[in-house]
Structures are given as C-alpha cells and as structure tokens.
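Undergrad: After the sequence you'll find the predicted model.
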Amino acid sequence: MNIKESMDEVITLSSGRLRGIRQAESETISWLGIPYAKPPVDKLRWKAPREVEPWEGILPVLDFNHNSVQVFQGVPNGSEDCLYLNVWRPDHTGINLPVFVFLHGGGNTSGSGRDFQGGMLARETNCIVITLNYRLGAMGFFRHPALRNGDPFDDSGNYGLLDILHALKWVQKNIVSFGGDPGNVTLAGQSAGARNALAAYLSPLGKGLFHKLFVLSGGLTTVTSEQGEAKAFDILCELLWRTGVVKSKDDALDWISKQSADSIADFLYHQDASKFADAIGETGLRMTAFPHLFEDGTVIPRGGFDHFKNSEQTCLPVVLGSTASEFSVFALMDPYFLPQIQAGQLAENMEKNVLYEAAVQYGSELYAAFNVEQVAEEFMDAIPKIPIFAYRFGWGLHDGVIDPSLRFLIGASHGADLPFYTGDFSFVEQNFPKGTITENNEPGRRALTTIMRGYLGRFLYSGDPNGEGLPTWKRWTISPQSNEILSLGASKEEAIVQSHPKLSMNEILSRMDHDARLSAEQRSWLKTQLFAGRFFCNC
C-alpha cells in the first residue's frame with residue numbers, strides 16, 4: 001500500500017508544513033529539528049510542556065536544532081529552547097511502518113537526539129526512527145517548593161520525562177504523515193534514556209503511547225520527592241554563594257529563611273540556565289549527585305517501581321540489553337586509576353593493575369545485572385506473562401579483535417552496542433584509542449551488525465526478535481539457573497552468538513568477598529569508595 005507515487009520531503013502536520021531532506025548515503029528522508037512543544041523559556045521554565053504554536057508556510061527542518069543546556073568539556077552550552085525531535089524514514093512509498101523512538105543517554109545531564117543517527121537503521125529495518133531532545137539537568141528535573149503553582153504536572157519536577165511523554169503524544173498525532181503506524185511504536189533508549197523509557201512505562205501518563213520497550217543499559221531508578229527537594233535546596237544555596245548574594249553557604253541558610261516563596265522563585269528564574277548545569281557537575285552513575293525521576297504521585301507513582309507490583313501495567317514485549325564491560329569507562333575515569341592510565345604506567349603497578357581488573361569485572365557484572373536481571377525479575381514478578389528477551393553485548397572480548405591492552409582497559413564498554421545499530425562507528429574512532437576500530441575487525445563487526453539489526457527489525461514488526469536466518473533467542477523465564485541471555489560477540493571474521501548464564505547480585509558480591517587476588521582493604525575500597533552510591537550497588 002502506497003502513500004502516493006513518490007514520498008515527498010514536504011509533509012503536513014497538525015501544526016504546519018515541513019520540508020525535510022533526502023539523504024543519499026542512507027537512502028532515507030529526514031526531517032531534523034522539528035519543534036514538538038512550545039519553547040520552555042521565561043515563565044515556561046519548570047513547567048510541563050505546552051503545545052507547539054502552529055506556523056505559517058513551509059518550515060525547513062534540515063539540520064539538528066538546539067541541544068538542552070549542559071556542560072560539554074567543562075564549558076556550558078545548549079539552550080533552554082531545546083524541544084525538538086528528528087525523524088528518518090526509508091526513501092520509498094510504504095506506509096504503516098513501525099516506529100522506533102530512541103532516547104539518548106548521558107545521565108539526564110548531557111546528550112541530545114543527534115547522538116543516535118537513525119538513517120541507516122531506518123533503511124535496514126524498514127522503519128521510522130525518531131530521536132529527541134528533552135530538558136536535562138536542573139532544567140529537566142528540579143523540584144523546589146517555591147516554584148509550586150498548584151498544577152500537579154508543573155509541580156512534579158519531572159519536566160524531562162514530561163517532555164518525553166509529550167513527544168510520544170506528538171508521535172501518536174503526527175506519525176501517519178510520515179508513513180508510520182501509531183499503533184506500533186517501540187520506545188527505546190540507552191543508559192539514562194533507557195531509565196527514562198522504563199519510567200515512562202511506570203507512569204500512568206505513558207499508557208497507550210507505545211507498544212514495546214527496547215531498553216539498553218538502563219535500570220529501575222526513581223527517587224522520592226523529598227530527595228529531589230533536598231537537592232534543589234542545595235543547588236539554591238550553591239547559586240546564592242556563586243552569585244555573591246551571600247558570602248558563605250551558612251549565610252545562604254539565613255537568607256532563605258527570611259525570604260518569601262515569591263522572592264526565592266524570582267531569584268531562581270533570573271539565573272542563567274548554564275549556572276544550574278555548572279552547579280550539578282559530573283554525576284558518575286551516582287543518583288545522590290543528581291536525583292531525578294521523582295516519585296511525585298502524578299507523573300511517577302509514589303513508591304516508584306515498588307508500585308509496579310500493585311498496578312495494572314500493560315503487558316508489553318520487552319528487550320533488555322547490557323554490555324559485558326558496563327563499568328570499564330567509569331573505572332578508567334576514576335581519579336585513583338586515571339593518572340597512571342594516562343601515563344601508560346598502570347601495568348607497571350601490579351597491585352593497582354589487579355585492583356583495576358577486579359573493579360572492571362565486578363563493577364561490570366553488578367551494573368549489567370542491575371540493567372537486565374533485576375529489571376527482568378521485577379517485571380516477571382509483576383506480570384508473569386510479560387515477554388522478555390535479554391542480551392549481553394561482548395564485542396571486543398574475543399582474541400584478536402582489538403589490542404589486548406584495550407581489551408583490558410575498556411572491553412565491551414557501556415554504550416559500545418549502539419554503533420552496531422546505527423552503523424556509525426565514527427564516534428568510537430574519534431573518542432577511543434587507535435586500534436579499536438580497524439580494517440582487520442571489520443568483517444566480524446559487519447556480521448554482528450547485520451544480526452543485531454535483524455533482531456531489532458523482527459522485534460519492531462512482531463514483538464519477537466526471532467526470525468529466519470537468525471540464531472534462536474530464548475525468551476526469559478523465572479528459573480535462575482537457565483541460560484537465556486543472548487551473548488552477542490564476534491571474532492575478526494564472523495559473529496559469535498551464544499547463550500549466557502544469568503547473573504546474581506548476591507553471587508557476584510560473594511565472589512568478590514572471596515577473591516584471593518584482593519586484600520581485605522582492596523575489597524573494602526571497592527565497596528565503600530568506588531562502587532558506593534552507584535545505581536547498581538547497595539554494598
């Protein structure tokens with residue numbers, strides 16, 4: 001069934017007409033930087049998203065628009081005017097295509113929709129790919145009593161998540177114009193984007209807006225409203241001190257106690273958004289550094305995912321992905337290891353070298369289990385019939401694929417699976433050491449890319465990743481001893497797809513406690529210093 005003889009770059013939405021651009025290399029049409037809500041600026045800062053204003057004429061949407069305010073390489077950038085999304089579709093006339101909405105990672109403090117280039121994936125899976133920007137940092141998650149106006153959505157503090165839900169409503173209203181099927185939408189994401197996708201599933205506001213979940217390296221993370229308000233109070237004190245209103249943080253407490261709610265709100269609204277980004281800084285997988293996804297009782301139920309068991313959630317097909325070396329980059333960037341790694345001296349310090357190896361091993365296992373096993377168990381406990389498929393990505397861990405020193409340092413790191421969907425390895429080439437992406441390992445990479453896209457394509461169409469020509473992917477069961485996690489890897493020449501046993505948090509911690517390589521002091525340091533406060537560890 002066709003839209004017409006040829007798909008036009010100019011389409012009509014409920015808010016106006018758009019002109020996109022044909023992408024010859026990917027054989028797609030893209031519409032980049034589409035406004036999906038009114039800019040959340042001035043008095044719309046810290047408000048739920050509002051409907052986009054209609055425009056006259058044809059709006060050219062040929063390139064990515066503003067990122068949300070964030071710190072990049074130590075410098076604040078981006079704009080509060082950031083609510084834009086991007087659409088790619090194959091350059092043919094088919095309609096009723098499945099829709100893949102992808103949420104970027106970055107700890108909900110950084111990243112943008114441009115991080116996931118959807119053109120080649122849209123062509124290879126014959127689907128529509130959508131990415132979006134949403135408010136980040138304190139612009140996206142900020143809950144202070146002085147800002148309340150009585151509207152439960154405005155008062156929730158969950159502005160970034162509300163942006164995502166608003167974008168999903170936009171998809172329901174407009175995706176037919178792009179040839180998409182509003183009844184077949186898969187919500188996907190990686191890292192913080194995956195956690196946001198899971199929160200959208202938990203939220204009563206997400207019901208009916210999507211029909212499948214594809215979540216990569218994201219666990220079940222919400223915080224209480226009180227934690228959010230405590231952080232907002234800390235940020236307010238920090239800003240009062242940084243702007244010279246008070247001379248010390250103790251003075252800030254006195255200033256706040258003497259102000260009305262209107263005066264505090266006026267101060268907050270008059271601060272440049274970049275100051276909030278500076279005040280938050282680097283979070284490093286620690287929710288205490290930047291609490292977000294508040295259990296406000298409207299957008300997210302009180303009790304967070306504990307509420308999941310007592311609610312009537314829709315039974316959606318789910319893919320849960322993780323990588324085998326989830327924690328490697330975070331260990332590498334830790335101040336205890338980074339100086340010697342940068343100097344190329346880690347291997348010379350046997351004690352620290354062994355500790356780094358253990359940090360990556362146990363940190364990665366705990367983080368991977370948090371992302372997959374724990375989520376699957378919570379979902380199965382609440383909805384026993386929910387169809388779940390899980391994978392663990394391990395490209396780079398087989399002999400001869402990458403340099404042994406790189407395999408030791410980074411392995412299959414957090415986010416390493418994304419290029420195998422997009423087909424864009426340029427980020428890895430630019431940001432990882434030479435020898436990660438080579439001509440030598442290209443055949444295996446391409447073979448694994450084909451398989452992973454094959455699984456995704458089947459899942460988008462049917463809710464089951466299995467299909468002709470693909471290795472069998474077992475559905476998750478409640479048995480802890482079964483090998484139902486799909487291991488995705490490759491040699492230099494070909495893909496290697498196998499079954500992988502499930503991980504147990506308690507068993508991982510037990511192995512770490514009895515690891516003969518480590519002293520008691522080293523085990524204590526891992527638990528109380530390196531892993532302390534991370535999403536994945538209550539140790």
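TA: Right, received. Where do you want to start? Numbers count the residues shown, from 1 in each chain.
Undergrad: At the geometric centre of the chain, which residue do we find?
TA: Per C-alpha atoms, centre = their mean, the C-alpha nearest to the average position across the chain is that of G193, at 2.2 Å.
Undergrad: quick one: pLDDT of it?
TA: On pLDDT, G193 comes in at 98.
Undergrad: ok, it touching L103?
TA: Yes - G193 is within contact range of L103, at 3.2 Å (criterion: C-beta atoms under 8 Å). Heads up, the C-betas are built off the backbone N, CA and C, glycines and all.
Undergrad: tell me which element the residue nearest to the centre of the chain is part of?
TA: helix 192-202 (DSSP states H and E).
Undergrad: Remind me what that helix packs against, helices and strands.
TA: Here helix 192-202 touches strand 97-103, helix 159-174, strand 180-190, strand 212-216, going by 3 or more C-beta pairs under 8 Å, 6 or more residues apart in numbering; DSSP states H and E.
Undergrad: tell me the mean pLDDT over the second one?
TA: Spelled out, it's helix 159-174. Rounded mean pLDDT across helix 159-174 is 98.
Undergrad: Same check on the third one?
TA: Averaged over strand 180-190, pLDDT sits at 98.
Undergrad: Return the residues in contact with S68.
TA: By C-beta atoms under 8 Å, 6 or more residues apart in numbering, the residues touching S68 are G78, S79, E80, C82, S112, N133, Y134, R135, L136, G137, M139, G140.
Undergrad: How much space separates the nearest residue to the fifth one once chain neighbours are set aside from T314?
TA: Excluding the flanking residues, the one nearest S112 by C-beta to C-beta, 6 or more residues apart in numbering is N67, at 4.1 Å. Computed with C-beta to C-beta, to the nearest Å, the distance linking N67 and T314 is 32 Å.
Undergrad: higher neighbour count, these two?
TA: N67 (21 against 12; other C-beta atoms under 10 Å).
Undergrad: quick one: that one and R17, what's the gap?
TA: 25 Å.
Undergrad: related to what we said a few turns ago, mind listing what the residue nearest to the centre of the chain touches?
TA: Shown in contact with G193 (C-beta under 8 Å, 6+ apart): F102, L103, H104, G105, G106, G111, G218.
Undergrad: Serialize those residues to a markdown table and add fields for distance to A289.
TA: Output for these, formatted as a markdown table (distance: C-beta to C-beta, whole Å):
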| residue | distance to A289 |
| --- | --- |
| F102 | 25 |
| L103 | 21 |
| H104 | 19 |
| G105 | 16 |
| G106 | 14 |
| G111 | 16 |
| G218 | 18 |
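Undergrad: Now, of these, which are buried?
TA: Buried by 16 or more other C-beta atoms under 10 Å: F102, L103, H104, G105, G106, G111, G218, out of the contacts of G193.
Undergrad: Pick out whichever of the residues you listed sits closest to I437.
TA: Minimum distance to I437 across the buried ones among the contacts of G193 is 20.0 Å, recorded for G105 (C-beta to C-beta).
Undergrad: Skipping adjacent residues, who's closest to the closest one in space?
TA: That would be S191: by C-beta to C-beta, 6+ apart, it lies 3.0 Å from G105.
Undergrad: what does F233 give?
TA: F233's closest residue in space is H144 (C-beta to C-beta, 6+ apart), at 7.3 Å.
Undergrad: Skip the chain neighbours and tell me the closest residue to A447.
TA: Counting by C-beta to C-beta, 6+ apart, the residue nearest A447 is A495, at 4.1 Å.
Undergrad: residues touching the one you found, list them.
TA: G444, A447, L448, T450, I451, L488, G489.
Undergrad: Taking strand 212-216 as reference, get the angle to the helix holding G193.
TA: Here helix 192-202 points in a direction 150 degrees away from that of strand 212-216 (axes from the mean of the first three to the mean of the last three C-alpha atoms, to 10 degrees).
Undergrad: Generate JSON lines for the helices and strands packed on helix 192-202, with distance to R407 as supplementary columns.
TA: Below are the helices and strands packed on helix 192-202 laid out as JSON lines (distance: least, C-beta to C-beta, whole Å):
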{"stretch": "strand 97-103", "distance to R407": "28"}
{"stretch": "helix 159-174", "distance to R407": "35"}
{"stretch": "strand 180-190", "distance to R407": "22"}
{"stretch": "strand 212-216", "distance to R407": "21"}
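Undergrad: Those: which one's closest to P35?
TA: Nearest of those (C-beta to C-beta): helix 159-174, 9.6 Å.
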